[in-house]
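1. only geometry, no sequence info:
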Ligand code: SF4
Ligand code: SF4
């Protein structure tokens, strides 16, 4: 089964850019002042999830 991909909760994102600078896959972009994960590039390493200072990144398949 495919691993869940990182997912940014846009309403929380403060556009600090921290996740973008640490992603080893260059899978995160800033779009209109919100981070956005390119699922095709994400390898589920979890670095961004641990890096985001306000917990705005979690996993796509995580139950609400
Ligand atoms: S989980 Fe890893 S590869 Fe995926 S967006 Fe976050 S830092 Fe990048
Ligand atoms: S680290 Fe968190 S707050 Fe900063 S740009 Fe990424 S998702 Fe947004």
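-> Received, thanks. Just so it is clear, the model here is predicted, and its values are computed rather than measured. Ligands and ions are numbered 1, 2, ... in the order given.
2. Pull out the buried residues from stretch 41-53.
-> Across stretch 41-53, burial judged by 16 or more other Cβ atoms under 10 Å covers 42, 44, 47, 48, 49, 52. For glycine as for every other residue, the C-beta is placed from the backbone atoms N, C-alpha and C.
3. What about the closest residue to residue 45 other than its chain neighbours, how many residues nearby?
-> Using Cβ to Cβ, 6 or more residues apart in numbering and skipping residues adjacent in sequence, the residue nearest residue 45 is residue 24, 6.4 Å away. Neighbourhood size, residue 24 [other Cβ atoms under 10 Å]: 9.
4. again, but for residue 19
-> Residue 19, neighbours per other Cβ under 10 Å, totals 24.
5. how close does it get to ligand 1?
-> To ligand 1, residue 19 is 7 Å away according to Cβ to the nearest ligand atom, to the nearest Å.
6. can you tell me which helix or strand that residue belongs to?
-> helix 18-22 (DSSP states H and E).
7. Give the pairing partners of whichever helix or strand comes after that helix; include direction for each.
-> Beyond helix 18-22 on the C-terminal side, the first helix or strand identified by DSSP H and E is strand 28-31. Paired strands of strand 28-31, with direction, are strand 34-37 (antiparallel) (DSSP bridges).
8. I'd like the mean pLDDT over the partner strand, please.
-> Per-residue pLDDT values over strand 34-37 give a mean of 98.
9. Show the average pLDDT along the very next helix or strand once past that strand.
-> Per DSSP H and E, the first helix or strand lying C-terminal to strand 34-37 is helix 47-51. Averaged across helix 47-51, pLDDT comes to 98.
10. quick one: helix 47-51 to chain centroid distance?
-> Distance, stretch centre to chain centre, for helix 47-51: 8 Å (Cα atoms, centre = their mean, to the nearest Å).
11. So which residues on this structure come close to ligand 2?
-> For the chain, the residues in contact with ligand 2 (Cβ under 6 Å from any ligand atom) are 8, 13-19, 35, 51-52, 54, 56-57.
12. Let me see the contact set for the nearest residue to residue 40 once chain neighbours are set aside.
-> If the residues on either side of it in the chain are set aside, residue 40 comes closest to residue 27, at 8.0 Å by Cβ to Cβ, 6+ apart. Residues near residue 27 by Cβ atoms under 8 Å, 6 or more residues apart in numbering: 6, 37, 38, 39, 40, 41, 42, 43.
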